[in-house]
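[1] How does the following fold in three dimensions:
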Amino acid sequence: MAVFLSILLLIIIGIVLLVLEILILPGLIAGIIGSIMVIAGVWYSFHVYGSEIGSYTALGTLLLTGITIYFSFRYNVWRKFSLEQKNDSKLTRVDEMDVQPGAIGTTISAVRPSGTAMFNHRKIEVQSMGELIETNTQVEVVEVLPNKLIVRKHATS
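    As a prediction, this is how the structure comes out:
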């Protein structure tokens, strides 16, 4: 009886690992371990009980694995574990805005050397050319890059 339970446990745990690999876990580790456990359970069945019982065990294992995978997909078991959030954010390209070199804005955070400034009522990420610029300081755009503006302190500040 103990041998039968150990064979059954090997096969069931192996099938569970295979299903987890298919539905949830990436990386093949659970699938490889599950496959080894299933194969070991079937081999052990052949070894202990002979070819007739071993064949029934192999057929039953194949059938049980197929049914388990089918019902896992059929009833969307994987959705209970998956992330359902959508990311609808988009990157606003600074170089497509109406800010050109020479434009004047005001820092709304310290720029050390990166920070945020306000240009035409828009918050835009800026980067200085190495200087530290305090909050509420007027800055002038030196260069427009796709994702940020390069600025320096405005001459009158």
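[2] quick one, what contacts Ile36?
    By C-beta atoms under 8 Å, 6 or more residues apart in numbering, the contact list for Ile36 reads Gly14. All C-beta atoms are positioned from the backbone trio N, CA, C, and that covers glycine.
[3] for it, helix, strand, or coil?
    Under DSSP: H, G, I helix; E, B strand; the rest coil, Ile36 falls in the helix class.
[4] gap between it and Ala2?
    From Ile36 across to Ala2, the span is 21 Å (C-beta to C-beta, to the nearest Å).
[5] same question, Gly14
    18 Å.
[6] which residues touch Leu28?
    Contacts of Leu28 (C-beta under 8 Å, 6+ apart): Glu21.
[7] Pull stretch 130-146 out as PDB, backbone CA atoms only.
    Only the C-alpha atoms of stretch 130-146 are listed here, as PDB (Å, rounded to 0.1, in the frame of the first residue of the first chain):
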ATOM      1  CA  GLY A 130      25.800  70.100 -14.500                       C
ATOM      2  CA  GLU A 131      24.800  73.100 -12.500                       C
ATOM      3  CA  LEU A 132      22.500  73.000  -9.500                       C
ATOM      4  CA  ILE A 133      19.400  75.100 -10.000                       C
ATOM      5  CA  GLU A 134      17.000  75.800  -7.100                       C
ATOM      6  CA  THR A 135      13.200  75.800  -7.100                       C
ATOM      7  CA  ASN A 136      11.300  78.800  -8.600                       C
ATOM      8  CA  THR A 137      14.300  79.800 -10.700                       C
ATOM      9  CA  GLN A 138      13.800  80.900 -14.300                       C
ATOM     10  CA  VAL A 139      15.600  78.600 -16.800                       C
ATOM     11  CA  GLU A 140      16.200  78.800 -20.500                       C
ATOM     12  CA  VAL A 141      16.000  75.800 -22.900                       C
ATOM     13  CA  VAL A 142      19.400  75.000 -24.500                       C
ATOM     14  CA  GLU A 143      18.400  71.800 -26.300                       C
ATOM     15  CA  VAL A 144      15.300  69.800 -26.900                       C
ATOM     16  CA  LEU A 145      15.700  66.000 -26.600                       C
ATOM     17  CA  PRO A 146      12.900  63.400 -27.200                       C
END
